[in-house]
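Undergrad: how would this look folded up:
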Amino acid sequence: MKPQIEQDGDDQSRSLDRNAAASDIPPSSGRGAPPDLPTDFTSVAPPALPLRRHQTDSQVTPSTATTPPSADLPSRAESTNNRDVRPGMSRRWSINFKAQYSAPASKFYDWKRTEFGERLTSQERAASPLLDPLSNEGAVQIYREKRNLALHKESENQSERFACLAPKAQQKRRTLYGGGTDLDILNAGLNDAASKAKAAFDDVVASKKQALHLGQAGMLLNKDKKMTSMLKFHAYESALVVSDGGNTVSLWDINTAKRMNAFRNGSSKSRNTSVTWVNEMSSSLLMMGTDDGIIRIYDGLIEDSGGISRTAPQLATAFVAAPDLDVGKRGGSGLVTEWQQFSGRLLAGGSSKTIHCWDLESERCRATFESNLGSCATTITTAWDYTSSDLQSGSSGYSGIGPDIFVAGFGNGAIKVYDIRAKMGPVSDIGPSGRTTDYQSSASVTRRSRRPPKLMQYAEHSSWIVNTAFTGFGGRYEICSGCVAGDIRFFDLRIPESIRTLDVQRSPMTALACHPGIPFFATGSHAQFIKILSMDGDTLQVIRYHEEIAGQRMGPVSCLAFHPHRPLLAAGATDEIISLYSPK
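TA: Now for the predicted structure:
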């Protein structure tokens, strides 16, 4: 019986030890750690238990753990059944500790936020706030920033590579008494070194022109479609928007030459007449215009990962951009638009007597311009450009003469220059005396009282203006325009007449596209050929046949489009074939 008595004594001593340990536990509302807590216990994380919402808002660590209220603690009966107790540690404290501990949210990014921010320039940090790169939003933002910067760098390299092809300023040739000219006498006096340098430069120019020789890089078969009316590249993704002669829109992957998505824009009685991308650098939207004057903007075509979505797009918004458009006019241009991304302006005109300037941020029409020409507007363009140098320098994204000047081409061959600032009057209100009060300074009122400046109007083309574009190659900001008659003219807005004229073709010109970064352009003809030319008028190439189909002649060209950052050309015709051309 003695061993049994000793065993009972041991049980009594253990119970006394447990009671003593329990007496050392602080009250439920107090703080502190038990004296018997091992020093190495903080390195071992016990299993986490569900907590209340107010406990998960802050980070909790074992060193700062607090004892929860007694109402949240399990009963003593439940604590005695818990077997997960470390030696030398009371059951009740272990339960309290496990109930208080939880896996906190990661604070690593907050800790390293300053270090991550130092890698960005001030302009990049202002343009895009810092996000956690481990989150979905942060991963999408990092992908877009890298994609945009890579394309901007590639575009800048292409511009520097072909900068020697920019048009040169023409020198005046004065005839002298001997029958010669100043230029001839100057050339006669050149030494051999200067002649060799000029010859070397000419060789470089010839090699660059040869490098722009395009070959057919792909062919898209838009089956069951009679023609292609419009083409539009996405500036940062491998997406090409194709519109047929009706209201069908399709998206193609130019890398795989596959149609990824297709949908109908508007009613079956309308046809698409304008297309542009909105917010290409971030969440891309597609803006479509029809000949009934309605603008529709679609979302969900480009995924966050950069791919083309196969699901049906969502209609984000729609509105009437040209209320006075002559709907159903035969031989009209429909709705013609020009979008300014970094100002949020939309210029809309076409088969109407006016051109509307919309501010999409405030959702109102800022100005209306009268054409006073009796002909429809066929093209609208603004002096707007955005390059990687602008992104790094933090400029507003405009070059040349500024975003407020735009040019419209008309069906009768006229080209008219407009200034948006001329139609934006001061903010006015009716004062207490019934008089109109202008909330501007006296200097502004003095400027407003002056006669508005007379802008240029050119009437050198004789037929329908196919396209107009602003060019800034070599620091010379000019307007390039082409008409159906086949002539291309270059204008300087400071001079009331064209400064250069190119007779490109005798057959009707049906398409014209100028590359925004490389000094060359392409024309399309109803006679089934595409001509590639430099800005000085040299013919670089004439394309008549499809390379992927032996002996297949291309159809009458209906539209052309260049990629904004790459030497890539898309051509559509009055058939189901869409050709892609890039340097060989």
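Undergrad: now the strands for the stretch 251-400 of the chain?
TA: Applying DSSP state E, counting those that start in this stretch to the stretch 251-400 of the chain gives strands spanning 258-264, 272-278, 285-290, 294-299, 314-320, 335-340, 345-350, 354-359, 364-370, 377-382.
Undergrad: most packed of those strands?
TA: Each of those was scored by mean neighbour count; the highest is strand 345-350, a mean of 26, by mean count of other Cβ atoms under 10 Å. For the C-beta atoms, the positions are set from N, CA and C on the backbone; glycine is no exception.
Undergrad: between strand 272-278 and it, find me the angle.
TA: Interaxial angle of strand 345-350 relative to strand 272-278 (axes from the mean of the first three to the mean of the last three Cα atoms, to 10 degrees): 170 degrees.
Undergrad: point out where the protein drops to low pLDDT.
TA: Applying pLDDT under 70 to the chain flags the ranges 1-132, 169-191, 384-400, 424-454.
Undergrad: pull the longest helix from it.
TA: helix 136-161 (DSSP state H).
Undergrad: in a markdown table: the strands of the stretch 251-400 of the chain, plus distance to residue 326.
TA: A markdown table is the format used below for the strands of the stretch 251-400 of the chain (distance: least, Cβ to Cβ, whole Å):
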| stretch | distance to residue 326 |
| --- | --- |
| strand 258-264 | 23 |
| strand 272-278 | 13 |
| strand 285-290 | 14 |
| strand 294-299 | 14 |
| strand 314-320 | 14 |
| strand 335-340 | 11 |
| strand 345-350 | 9 |
| strand 354-359 | 11 |
| strand 364-370 | 15 |
| strand 377-382 | 12 |
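Undergrad: those: which one's closest to residue 205?
TA: Smallest distance to residue 205 across the strands of the stretch 251-400 of the chain (Cβ to Cβ): 27.9 Å, for strand 377-382.
Undergrad: distance check, residue 557 against residue 563.
TA: Distance, residue 557 to residue 563, by Cβ to Cβ, to the nearest Å: 18 Å.
Undergrad: who has more neighbours, those two?
TA: Taking other Cβ atoms under 10 Å, residue 557 and residue 563 do not tie; residue 557 has more neighbours (26 against 22).
Undergrad: looking at the strands of the stretch 251-400 of the chain, spot the one closest to residue 548.
TA: Closest of these to residue 548 is strand 258-264, at 15.5 Å (criterion: Cβ to Cβ).
Undergrad: other SSEs contacting that closest one?
TA: Secondary-structure packing of strand 258-264 (3 or more Cβ pairs under 8 Å, 6 or more residues apart in numbering; DSSP states H and E): strand 248-253.
Undergrad: can you list the strands that the strand it packs on pairs with?
TA: Strand 248-253 sits in its sheet next to strand 239-243 (antiparallel), strand 258-264 (antiparallel), going by DSSP bridges.
Undergrad: tell me which stretches of the stretch 401-550 of the chain form strands.
TA: Assigned by DSSP E, counting those that start in this stretch, the stretch 401-550 of the chain shows strands spanning 405-410, 415-419, 428-430, 436-438, 457-458, 465-471, 478-483, 487-491, 498-503, 509-514, 520-525, 529-534, 539-543.
Undergrad: export those to a markdown table and tack on mean neighbour count?
TA: Putting the strands of the stretch 401-550 of the chain into a markdown table (neighbours: other Cβ atoms under 10 Å) gives the following:
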| stretch | mean neighbour count |
| --- | --- |
| strand 405-410 | 24 |
| strand 415-419 | 20 |
| strand 428-430 | 9 |
| strand 436-438 | 12 |
| strand 457-458 | 16 |
| strand 465-471 | 22 |
| strand 478-483 | 24 |
| strand 487-491 | 21 |
| strand 498-503 | 15 |
| strand 509-514 | 23 |
| strand 520-525 | 24 |
| strand 529-534 | 20 |
| strand 539-543 | 16 |
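Undergrad: mind checking which of these is nearest residue 136?
TA: Using Cβ to Cβ as the measure, strand 509-514 is the one of the strands of the stretch 401-550 of the chain that comes nearest residue 136, at 37.9 Å.
Undergrad: so which elements touch that closest one?
TA: Contact analysis of strand 509-514 by 3+ Cβ pairs under 8 Å, 6+ apart lists strand 465-471, strand 478-483, strand 520-525, strand 557-562 as its packing neighbours.
Undergrad: mind exporting it as CSV, just the C-alpha atoms?
TA: Extracted C-alpha coordinates of strand 509-514, given in CSV (Å, rounded to 0.1, in the frame of the first residue of the first chain):
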residue,chain,number,x,y,z
MET,A,509,-6.0,57.5,-104.4
THR,A,510,-8.3,55.6,-102.0
ALA,A,511,-6.1,55.4,-98.9
LEU,A,512,-3.2,57.4,-97.2
ALA,A,513,-1.3,56.6,-94.0
CYS,A,514,1.7,58.4,-92.5
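Undergrad: who's in contact with that strand?
TA: Strand 509-514 is contacted from outside by 466-467, 469, 471, 480, 482-486, 488, 521-526, 556-562, 569, 571, using Cβ atoms under 8 Å, 6 or more residues apart in numbering.
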